[in-house]
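> sharing a model that was predicted from the sequence below.
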Amino acid sequence: MHITGITDDAGGIQKGMLAIGATVVISAVWITVVVLAKVQRPFLTLVLAGLAYAVLSMVLSAVLSPILEGELQGPFAHPIAIPTVLLVNAVWGAVTGGIALGTRALLSTSNR
């Protein structure tokens, strides 16, 4: 959202709410797709989705920030942040994977 400028005019609470809203929407899509597709290993799938999201967002930032901002920004500009970005997104994937497992269990119980 920062790269696209969506949050440029937003500040403080509004910027935070936009970030939380995007996270909730992305999480809901991940969970819905994994549950509806009946993925065999939803937990692992979503942990890997979180890691892929982290890598792709870092690469996108590295490619676009010099073009849009005139200098490299993001985790590649501060490599010490890379493990944290990966860890946070892996945890995000684990949380959504756990929710997907619980949702699938609830749905299979109610279909019996």
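Done, it's in. For clarity, every value in this text was computed on a predicted model and none was experimentally measured.
> C-alpha from now on. contacts and neighbour counts both.
Will do.
> next structured bit after the helix-or-strand element of the chain with minimal mean pLDDT?
In the chain, the helix or strand scored least confidently by mean pLDDT, DSSP states H and E is helix 12-36, which has a mean of 89. The first helix or strand that comes after helix 12-36 along the chain, using DSSP states H and E, is helix 42-69.
> pull out the buried residues from that following helix.
Neighbour-count burial for helix 42-69 flags 42-55, 58, 61-62, 64-65 (criterion: 16 or more other CA atoms under 10 Å).
> return the distance of that helix from the chain's centre.
In terms of CA atoms, centre = their mean, to the nearest Å, the centre of helix 42-69 is found 8 Å from the chain centre.
> next up, the contacts around residue 75.
Going by CA atoms under 8 Å, 6 or more residues apart in numbering, residue 75 touches 58, 81-82, 85.
> of those residues, which pair is most distant in space?
Maximum pairwise distance in those, criterion CA to CA, is 10.4 Å, between 58 and 81.
> three-state assignment of residue 72?
coil (DSSP: H, G, I helix; E, B strand; the rest coil).
> what's the neighbour count on it?
Around residue 72 sit 17 other residues, with neighbours defined as other CA atoms under 10 Å.
> tell me the spacing between it and residue 82.
The gap separating residue 72 from residue 82 is 14 Å, by CA to CA, to the nearest Å.
> so residue 96 makes contact with residue 32?
No: Residue 96 is not in contact with residue 32 according to CA atoms under 8 Å; the separation is 10.0 Å.
> looking at the two, which has the bigger crowd around it?
Between residue 96 and residue 32, counting by other CA under 10 Å, residue 96 is the more crowded of the two (26 against 15).
> list the contacts for the more buried one?
Per CA under 8 Å, 6+ apart, neighbours of residue 96: 27, 30-31, 43, 46.
> residue 97 now?
31, 42-47.
> which one of these sits closest to residue 100?
Nearest to residue 100 among the contacts of residue 97: residue 31, at 5.2 Å, using CA to CA.
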